[in-house]
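Chemist: Following is a predicted model, sequence given first.
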Amino acid sequence: MRLTLTKRRALLERGIVHLEARADSLRRRGARVSWARLAVFFGGIALSLVAASVDPRLGAGVFLASIVIFGIMVGIHRRLEHSRHQMTLMLQIKRDHLARSRIDWEQIPAPLTRTADPNHPFEADLDVIGARSLHHLLDTTVTVEGSERLRAWLTTLHPDRAIIAARQALAQELVPRMGFRDKLALYGRLTSKARHWRSEALVAWVLRPIPNDGLERSLLLLSALSAVNITLMLLNAAGVIPPLWVFSLIVYLGLMGERMRHYDNPFQVATQLQDTLTQTRAVFRFLEQYRAQTPRLRALCAPFTGTDRPTDALRRLSWIVSAASLQINAVLWGIVNTFVPWDVFVAVQLRRAQQHLQIRLPVWLEVWRELEATCALATFADLNPDYRTPDIADAPAVWEAVHMGHPLLPYAQRVTNTFAITGAGEVGLITGSNMSGKSTFLRTVGVNMILAYAGAVVPAERLRLSPLRLFTCIRIADSLAEGYSYFYAEVRRLKALLNGLQADEELPLFFLIDEIFRGTNNRERFMGSQAYIRALLGADAQPTHGMGLVSTHDLDLTRMTAARLHNYHFADRVVEGAFVFDYLLHDGPSYTTNALRIMALEGLPVPDTEST
């Protein structure tokens, strides 16, 4: 297992060294061409002056030749800089992969600024979102929309077996296609300065309703008036007629000004779309040219391989954007619009392009977002070759894991456990001393469920589970703003969990409760916990529609007897005055505590009978 992971990292490291060498070579070549370009420029001027002193025509020829050579060298330098930019981006992508493989949080790119939803059944409790989270580790997307799709997969509330199977299959097709995945990310980043960028400006414009305001009729009328103006000008210039064009021009300009007041300024629209167009077109061109060899990838990319290709449509739109940029030169823009209705023409072309893209662009972007999120799952699998694809069982309530670990912990720190819980109404009660691993184990169970339902691989030799609704009560916080305490926040959370358990849902509920009722005194905690666990178990003849795990420090709870209640514990021992934990799940209840020993080791006062 370790050897395979080591080889994968070694391949990445060798690839990084190779890319660094190529990037350095391109940098040095670019520097040489840059100096040569300067030499041609100044040398050409000097030689042309010398040649002109002999023969002016020779000097002009030398100057023109130097300009041509200089232009060629500018083109070569730009191509070298573009290649170096691509190489630098690819180098960063590979370094990011290595950091993700090592779980080196300092080197993994910062995630989008997001806050976990406190009302979500598990997002805040299981480090799904934010810095050093599951989403942070997996997210290799470039677009905000692709990143949000990955988040939606990781926070699904009702996992569907067929959807998971399809996502697993597509991700497995993409695992050996590292080149495809990396180039998709590369082309998405080429013109973007931000880590993630949005396509919402383009989408919002494309999907905006097209008004029926007679814009094309206005273009026909203004074109006719323009033709009349030009004809009258020519006839007047030839001396055939008096300057009647002055009156027709006034009518033309007045009508054009009145019409354009009701339409969007094409230059403003073009400016908003320019960057998004450039980024989108690079990715779409790559997907058009890629020839998928596997059935699911080929089916997903089908909208890019038809006769109506996205780059053709975006090229037309880009041309219109360039035409609208005439407004940058106010003088030229005023002259052109005086003779022809240029702005109205551009506005009409924008509307036609918008109408053409209204059906097609959402489909193309949907494919891209799906690919981005699936590539994130495939990269996660590729970087962790020892992980396994979970088996989503076609059974009512199954949860079986063999040597399962926490994916957010580095390999050297990870301890794996084998665990199973099956059947409606089953509850596992976990006891153990402080720092023994109870909370980490609950999060390990939850996070691996999240990965499994998203379609990702998991750090386990085997994981088999049925589709279940996940609900957690692990990381509770009080709320000064809403005016309730930690204990009341915990009560509200446990009430929501019980409501979910009793809801009329097809999928069973899988719950994870850490340190139940920790916010109250010992006596009431024991009484409340006992009653709540009985509610989780249900009656002997009618178990609840769920199952899960509850951790507690209250050892009296282990004396509860019920057919579907199972005791587990984590152990600890003191070696040479220090605590040693194996973080392994053991059958049966724990009868040891370490709170007073921890206090004593840190020098706090404890009862004499306990500190010895």
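Modeler: Yes, it's here.

Chemist: Now the element after whichever strand or helix holds Val40, going C-ward?
Modeler: Assessed by DSSP states H and E, Val40 sits inside helix 2-54. Next along the chain after helix 2-54, taking DSSP H and E as the criterion, comes helix 56-102.

Chemist: Which other helices and strands does that following helix contact?
Modeler: If contacts are counted by 3 or more Cβ pairs under 8 Å, 6 or more residues apart in numbering; DSSP states H and E, helix 56-102 sits against helix 2-54, helix 178-189, helix 342-383. (Glycine included, C-beta is placed from N, CA and C.)

Chemist: would you turn those into a markdown table with distance to Arg309, mean pLDDT and mean neighbour count?
Modeler: As requested, these are arranged in a markdown table below (distance: least, Cβ to Cβ, whole Å; pLDDT from 0 to 100; neighbours: other Cβ atoms under 10 Å):
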| stretch | distance to Arg309 | mean pLDDT | mean neighbour count |
| --- | --- | --- | --- |
| helix 2-54 | 31 | 88 | 14 |
| helix 178-189 | 16 | 93 | 20 |
| helix 342-383 | 10 | 90 | 20 |
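
Chemist: Could you export these as CSV, including distance to Leu468?
Modeler: Formatted as CSV, the helices and strands packed on helix 56-102 follow (distance: least, Cβ to Cβ, whole Å):
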stretch, distance to Leu468
helix 2-54, 30
helix 178-189, 30
helix 342-383, 20
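
Chemist: So which of the ones you listed is nearest Leu150?
Modeler: Nearest to Leu150, of all the helices and strands packed on helix 56-102, is helix 342-383, at 4.3 Å by Cβ to Cβ.

Chemist: following the closest one, which helix or strand comes up?
Modeler: Assigned by DSSP H and E, the successor of helix 342-383 is strand 391-392.

Chemist: element containing Pro550, please.
Modeler: Quick fix: residue 550 reads Val, not Pro. Residue-wise, Val550 maps onto strand 546-551 under DSSP H and E.

Chemist: Report the distance from that strand to the chain centre.
Modeler: For strand 546-551, the separation from the chain centroid amounts to 32 Å (computed by Cα atoms, centre = their mean, to the nearest Å).

Chemist: How about residues contacting the helix or strand just after it?
Modeler: The helix or strand immediately downstream of strand 546-551 is strand 565-575, counting by DSSP H and E. Here strand 565-575 makes contact (Cβ atoms under 8 Å, 6 or more residues apart in numbering) with 421, 426-433, 435-438, 441, 533, 537, 558, 579-590, 592, 594, 597.

Chemist: Give the pairing partners of strand 565-575; include direction for each.
Modeler: Applying DSSP bridges to the sheet, strand 565-575 is found paired with strand 427-432 (parallel), strand 578-587 (antiparallel).

Chemist: residues in contact with Ser223?
Modeler: Ser223 neighbours (Cβ under 8 Å, 6+ apart): 340-341.

Chemist: which outside residues touch stretch 284-292?
Modeler: 180, 183-184, 187, 298, 300-301, 304-305, 309-311, 314, 364, 367-368, 371.

Chemist: hmm, try it at 7 Å
Modeler: With contacts defined as Cβ atoms under 7 Å, 6 or more residues apart in numbering, stretch 284-292 is touched by 180, 183-184, 187, 298, 301, 304-305, 309-311, 314, 364.

Chemist: can you check stretch 101-114 too?
Modeler: Counting by Cβ under 7 Å, 6+ apart, 8-9, 12, 95-96, 99-100, 129-132, 135-137, 139, 144, 147, 195-196, 383, 408, 410 sit against stretch 101-114.

Chemist: Likewise for stretch 83-97?
Modeler: Taking Cβ under 7 Å, 6+ apart as the rule, stretch 83-97 contacts 12, 15-16, 19-20, 22-23, 26-27, 30, 107-109, 182, 185-186, 189-190, 379, 383.

Chemist: Over to stretch 57-69?
Modeler: Here stretch 57-69 has contacts from 40, 44, 47-49, 51-52, using Cβ under 7 Å, 6+ apart.

Chemist: Low-confidence stretches in the stretch 151-300 of the chain?
Modeler: 191-194, 262-267, 270-272, 274-275 (pLDDT under 70).

Chemist: hey, where'd the helices end up in it?
Modeler: Taking DSSP state H, counting those that start in this stretch to define them, one finds helices in the stretch 151-300 of the chain at 161-174, 178-189, 200-207, 215-237, 245-260, 266-289, 295-300.

Chemist: between these, which one is nearest to Asn448?
Modeler: Using Cβ to Cβ, the nearest of these to Asn448 is helix 161-174, at 13.6 Å.
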